[in-house]
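> model the following, please.
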Amino acid sequence: MPFVRPYVRSDGTPVRGHSRWAPGARRELTVFVLIAVAVVGFGNSNGGAGETAGSRSKPGERSAVTYPVRFDQGTSQGAPRVSVPRPTVSYPVKFDVSARKPAPPTPAVSYPIGFSALGGGR
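Residues are numbered from 1 along each chain as shown. Presented below is the predicted three-dimensional model:
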């Protein structure tokens, strides 16, 4: 939305600063809002009244969970002690070692080559 600064018209009428919609923006926003309302409306219509995501089960099924859930160690005892980790295998694990690459050959010529030392004149 562009903001129009205060100005004075050619006939001397002062105009306060205001904001205005860009051309076509009202129609675009209206279409967007209608689509968003339709998506929200149709997206939430697949459940019955009073149902929650966890209560949708087949008739005759019973939950195996008893509420309230209680753990063996209460929260008032603090954090449980963690045992020292033990290895999961008792044999040594061998990793593939790639064969060593041969050393690159050393050049037989040393650079730069001095042509004057060869005795040829150019």
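
> how many neighbours does residue 13 have?
The number of residues packed near residue 13 is 8, by other C-beta atoms under 10 Å. C-beta here means a position set from N, CA and C on the backbone, and glycine is covered the same way.

> what's the answer for the one 5 residues further on, then?
Around residue 18 there are 10 other residues, counting by other C-beta under 10 Å.

> all strands of the chain, in order?
Applying DSSP state E to the chain gives strands spanning 3-4, 7-8, 14-15, 18-19.

> now do the last one, average pLDDT.
When the per-residue pLDDT values of strand 18-19 are averaged, the result is 86.

> partners of it in the sheet?
In the sheet containing strand 18-19, the strands it pairs with under DSSP bridges are strand 3-4 (antiparallel).

> surely residue 20 meets residue 26?
No: the pair formed by residue 20 and residue 26 falls short of the contact definition of C-beta atoms under 8 Å, at 10.4 Å.
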